[in-house]
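Undergrad: Give me a model of this one.
(one chain, ligands or ions: 1)
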Amino acid sequence: MRYAVVECPVCGGYLAIDSKVGYRKCPYCSYVNKIEVSRVVKTFKSPKEASELVRLLNSSNDSFKPLSSNDS
Ligand SMILES: [Zn+2]
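TA: Numbers count the residues shown, from 1 in each chain. So this is what the prediction gives:
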């Protein structure tokens, strides 16, 4: 499986990581998520499927607080 959807441990947002690269900076908090470290929710063969799950998870995730919220 090529693309992993992971949960960012810092902000709780979801992002897709290309497993060939192995890491990706969180678009919400800039934390660098690594596949080996971050919690992998699901893996996909196509980036389209992965990004669709990311969008779905982020829109239905109550605990996800983008940078605008500081009260944690
Ligand atoms: Zn984050």
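
Undergrad: Show me what stretch 2-16 is in contact with.
TA: Residues outside stretch 2-16 that contact it (CB atoms under 8 Å, 6 or more residues apart in numbering) are 17-20, 24, 26-29, 31, 33, 35, 37-47, 49-51, 53-54, 57-58, 61, 63-67. The way it works is simple: take the backbone N, C-alpha and C, and place the C-beta from them, glycine included.

Undergrad: no, scratch that, I was asking about stretch 42-62
TA: Residues outside stretch 42-62 that contact it (CB under 8 Å, 6+ apart): 1-5, 12-16, 18-19, 41, 64.

Undergrad: Count the neighbours of R24 for me.
TA: 19 (other CB atoms under 10 Å).

Undergrad: which other residues reach the helix or strand containing it?
TA: Element membership of R24, judged by DSSP states H and E, is strand 23-25. With CB under 8 Å, 6+ apart as the test, strand 23-25 has contacts from 15-18, 31-35.

Undergrad: ok, back up a step: could the contacts of stretch 42-62 be laid out in TSV, adding neighbour count?
TA: Formatted as TSV, those follow (neighbours: other CB atoms under 10 Å):
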residue	neighbour count
M1	10
R2	14
Y3	22
A4	22
V5	23
G12	19
G13	23
Y14	27
L15	23
A16	24
D18	14
S19	15
V41	15
F64	17
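
Undergrad: so of those residues, which ones are in strands?
TA: 3-5, 14-16, 18, 41 (DSSP state E).

Undergrad: Those residues: which ones sit near the ion?
TA: Applying CB under 5 Å from the ion to those, one finds that nothing falls near the ion.

Undergrad: any chance you could map the helices in this structure?
TA: Here the chain has its helices, by DSSP state H, at 47-59.

Undergrad: before we move on, back to that, ok, so of the ones in strands among the contacts of stretch 42-62, who is nearest the ion?
TA: Closest approach between the ones in strands among the contacts of stretch 42-62 and the ion, by CB to the ion: L15, at 7.5 Å.

Undergrad: So what pairs up with the closest one in the strands?
TA: V6 (DSSP bridges).

Undergrad: Give me the residue at the spatial middle of this protein.
TA: L15 (2.2 Å; CA atoms, centre = their mean).
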